[in-house]
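1. Show me how the following folds:
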Amino acid sequence: MKHFLDINKTAVDDLRNMIDSAKTIKDARNGRPKGALDDDLPLKDHMVALIFEKPSTRTRVSFDVGVRQMGGQTMVLSGSEMQLGHGETVADTAKVLSRYVDLIMIRTFEEATLLEMAENATVPVINGLTNRTHPCQIMADILTFEEKAGPIAGKKVVWSGDGNNVFASFAHAAGQFGFDLTFTGPQTLDPEQGFIDEARAKGVKVEIERDPVKAVQGADLVVTDTWVSMHDAPSARERRHNQLRGFQVNEELMSHAKEDALFMHCLPAHRNEEATNAVMDGPNSAVFDEAENRLHAQKAIMKWCLQS
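-> Residues are numbered from 1 along each chain as shown. Below you'll find the predicted structure:
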């Protein structure tokens with residue numbers, strides 16, 4: 001069973017093949033209408049369950065469109081409709097869904113829910129996001145970087161802000177794809193040390209630098225994310241702003257990175273908070289390219305999951 005649960009749990013060669021496959025899939029679209037089918041239809045006659053305990057725009061639309069373009073059908077299910085883990089155990093849900101569908105994508109809160117789903121499903125399971133990691137996003141980010149700047153191996157990626165689930169998957173990717181990673185943010189929002197240790201053990205440089213200006217020097221890519229989760233209370237919002245205000249990605253900060261350094265943000269963005277409009281819409285920004293590339297990267301992931 002080929003699940004796609006996390007970047008660090010997937011073989012390096014398979015990850016590279018997925019990125020290369022995503023490039024091929026994207027090129028083959030060749031300006032076709034969005035509803036047109038691909039030439040290759042690996043999901044023909046396949047049913048895919050898309051489970052959303054957390055709300056979503058990009059994940060929902062990109063997976064739904066991707067399945068349809070590859071010839072399959074989708075069943076979109078919300079957590080409230082399913083009572084996942086409440087009215088029925090996650091294990092039982094996984095076993096039942098496996099009788100109806102060929103592939104499961106789940107966007108959930110706790111990593112344990114994802115792992116229990118994968119352990120009990122008899123069809124492949126894809127991690128669409130958990131509170132701990134977001135691997136599909138980082139596969140899209142790597143695809144985007146390599147489209148614009150060539151191989152990511154040996155490059156310097158700088159994360160500014162909260163050491164959250166998206167950073168965690170960047171740390172996984174650093175070890176697997178061979179790029180260096182610098183985190184700059186307040187100590188109170190540091191990433192889990194385990195993510196850093198694992199990447200370092202694979203021979204890449206992972207650093208924590210409190211001064212964002214020093215952190216971005218020599219950067220090939222600068223990345224940030226929202227300071228406040230959609231589920232955080234107003235009091236948490238104010239606290240986060242106070243902690244992160246000095247780590248905003250603005251034109252001044254970007255001027256200390258390489259002249260051609262790219263800027264990425266997984267969206268949705270709170271403009272002029274974690275990043276300014278001038279950076280979001282500037283010549284170095286790749287935010288909408290990476291949003292589009294969620295579609296192509298996830299199509300490659302689904303194709304890989306179903307290959308025997």
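2. Pull the contacting residues for the closest residue to residue 29 other than its chain neighbours.
-> Sequence neighbours aside, residue 38 is the residue nearest to residue 29 in space, at 7.3 Å (criterion: CB to CB, 6 or more residues apart in numbering). In short, each C-beta sits where N, CA and C put it, glycine included. In this structure, residue 38 makes contact with 25, 28, 29, 69, 70, 71, judged by CB atoms under 8 Å, 6 or more residues apart in numbering.
3. Kindly report the same for residue 303.
-> Residues counted as contacts of residue 303 (CB under 8 Å, 6+ apart) are 21, 25, 42, 43, 70.
4. Tell me which two of those residues sit farthest apart.
-> Farthest apart among the contacts of residue 303 by CB to CB are 21 and 43. That separation is 13.8 Å.
5. For the two, work out which one has more neighbours and name it.
-> Shown here are residue 21 and residue 43; by other CB atoms under 10 Å, residue 43 has more neighbours (24 against 20).
6. show me what contacts the more buried one?
-> Taking CB under 8 Å, 6+ apart as the criterion, residue 43 is in contact with 67, 70, 71, 72, 102, 103, 302, 303, 306.
7. And these, which of them are buried?
-> Using 16 or more other CB atoms under 10 Å as the burial test, the contacts of residue 43 include 67, 70, 72, 102, 103, 302, 303, 306 as buried.
8. Residue 101 versus the third one, what's the distance?
-> Think residue 72. As judged by CB to CB, to the nearest Å, residue 72 and residue 101 stand 10 Å apart.
9. State the distance from residue 43 to residue 276.
-> 40 Å.
10. Kindly report the same for residue 238.
-> For residue 238, the distance to residue 276 (CB to CB) stands at 20 Å.
11. more neighbours, the two?
-> Per other CB under 10 Å, whichever of residue 238 and residue 276 has more neighbours is residue 276, with 18 against 11.
12. so what's the residue lying closest to that one once chain neighbours are set aside up against?
-> Among residues not flanking residue 276 along the chain, residue 250 sits closest, at 4.5 Å (CB to CB, 6+ apart). Listed by CB under 8 Å, 6+ apart, the contact set of residue 250 reads 275, 276, 278, 279.
13. how about residue 250, phi and psi?
-> Phi and psi for residue 250, reported as degrees, to the nearest 10, are phi -130, psi -180.
14. Show me the shaky parts of the stretch 1-150 of the chain.
-> 85 (pLDDT under 70).
15. Recalculate using a threshold of 90.
-> For the stretch 1-150 of the chain, the stretches with pLDDT under 90 are 1, 31, 54-55, 78-88.
16. Quick check: residue 257 touching residue 216?
-> Yes: with contact defined as CB atoms under 8 Å, residue 257 reaches residue 216; the gap is 4.3 Å.
17. joint contacts of these two?
-> Joint contacts of residue 257 and residue 216 (CB under 8 Å, 6+ apart) are 158, 222.
18. And residue 255, how close does it get to residue 289?
-> From residue 255 to residue 289 the distance is 22 Å (CB to CB).
19. Among those two, which residue is more densely surrounded?
-> Counted by other CB under 10 Å, residue 255 and residue 289 do not tie: residue 289 has more neighbours, with 17 against 11.
20. Alright, that wraps it up for me.
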